[in-house]
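# Predicted model follows, preceded by the sequence.
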Amino acid sequence: MVSRTSVVLLILIVPLSALMVATLFMEEGLFSSPEEVDEEIAHGEEIGRLNATIFKLGDVTDSSLTNVNLAIFDYFMAEKKPLTVGVIVEDFGNAAPHGIIYKKVKQGHDSGLFEMAIHGFSGGGTTYDQLDYETQLKHFKFANTKLTKLLGSPSEIFAPPRNKFSADTIRAMANSDPPISIISVGNQSDNITLNPYKLNSTYDTGKGIVGGISDVNGTKIYHVVHDISYLKFRTQNYTGDSLQDVVVQRAQANIEKYGFAVVILHPTDFCVIDEATGMCTNQVDPERFKILTDTVDELESLGYGFAKMGDVVVR
């Protein structure tokens, strides 16, 4: 039986084309089971678990799968559930007058339901392990300057495109003004990335056990890792109720180890696929979308609350 007092669930939602499935495997970098928690875990202040579910939507732009994204935004807002929204900042808030995606995100942000995450400054396939320190520092500065102008506040969360980053990424996050204190990344990718700033592989924040912390001259970066994906399970032939079941079961297994689970969903899971082209269309598939809403309902029935990713870290 899972403790009802030690739960945090994070769900990442990333809108992408159906033809990008192979690339998504690279992005996830997390298809192995999570490692066992270290016997000796570094501890922060004892606070108590959030007992909450955290969802994160990624790759948001002005023009990417707008109808699918709007359906997701509207669902979370109607249910009054918080959402962490990951944006490709260069391609967000540009449509005159800023566009429907920006307006909906701002509405959710102003209401206190949405928080922002930087899912890269620009698209085009460039990953942060290919960028030097100075370029990454500029990206974070430009991103948070723009987000502050558009929404009134910067982001404290970075989700590296394709889960690829470097030690320079950690240093640039720490030296940003203000610092970007959370990196949201696949468990496997985090483990294989050379990072001399990382102090440990697990760290108990008092609200949950994260994948360790990095320390750059006293500035801490919290590694919030994930290893569950609807896309992953679909490739293993889970569909419908079985897909919902395996997501919930894996989440519960991680909750028992860490006090929270991270689950990634992609809006391509909820779109209508054009059978002739194999492309994800900008239409919501009601049956697929119901898997998301039923998952939320089941998790809520199990006693899990809802929170934002930033709530995992005690400041």
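Perfect, I can see it now. Numbers count the residues shown, from 1 in each chain.
# All the helices of the stretch 101-250 of the chain, in order from the start?
For the stretch 101-250 of the chain, applying DSSP state H, counting those that start in this stretch gives helices covering 133-151, 167-175, 187-192, 230-235, 240-258.
# most tightly surrounded among those?
The highest mean neighbour count among the helices of the stretch 101-250 of the chain, using mean count of other CB atoms under 10 Å, belongs to helix 167-175: a mean of 22. All C-beta spots, glycine's among them, are computed from the backbone N, C-alpha and C.
# ok and that one relative to helix 133-151, angle-wise?
40 degrees (axes from the mean of the first three to the mean of the last three CA atoms, to 10 degrees).
# for helix 167-175, packing partners?
Applying 3 or more CB pairs under 8 Å, 6 or more residues apart in numbering; DSSP states H and E, we find helix 167-175 packed against helix 133-151, strand 182-186, strand 213-216, strand 219-226.
# got a markdown table for these, with mean pLDDT and distance to S176 too?
A markdown table is the format used below for the helices and strands packed on helix 167-175 (pLDDT from 0 to 100; distance: least, CB to CB, whole Å):
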| stretch | mean pLDDT | distance to S176 |
| --- | --- | --- |
| helix 133-151 | 97 | 4 |
| strand 182-186 | 93 | 12 |
| strand 213-216 | 98 | 11 |
| strand 219-226 | 94 | 9 |
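# Including distance to V262, could those go into JSON lines?
Compiled in JSON lines, the helices and strands packed on helix 167-175 are given as follows (distance: least, CB to CB, whole Å):
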{"stretch": "helix 133-151", "distance to V262": "22"}
{"stretch": "strand 182-186", "distance to V262": "8"}
{"stretch": "strand 213-216", "distance to V262": "16"}
{"stretch": "strand 219-226", "distance to V262": "3"}
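# Tell me which of these approaches Y197 most closely.
Nearest to Y197, of all the helices and strands packed on helix 167-175, is strand 213-216, at 4.0 Å by CB to CB.
# list the buried ones in the closest one?
Neighbour counts over strand 213-216 (16 or more other CB atoms under 10 Å) mark I213, S214, V216 as buried.
# That strand packs against which elements?
Going by 3+ CB pairs under 8 Å, 6+ apart, strand 213-216 lies up against helix 167-175, strand 219-226.
# Just send these back as TSV, with distance to I291 too.
As requested, these are exported to TSV (distance: least, CB to CB, whole Å):
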stretch	distance to I291
helix 167-175	33
strand 219-226	18
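# So for S301, which of those sits nearest?
From the helices and strands packed on strand 213-216, taking CB to CB, the stretch that ends up closest is strand 219-226, at 22.9 Å.
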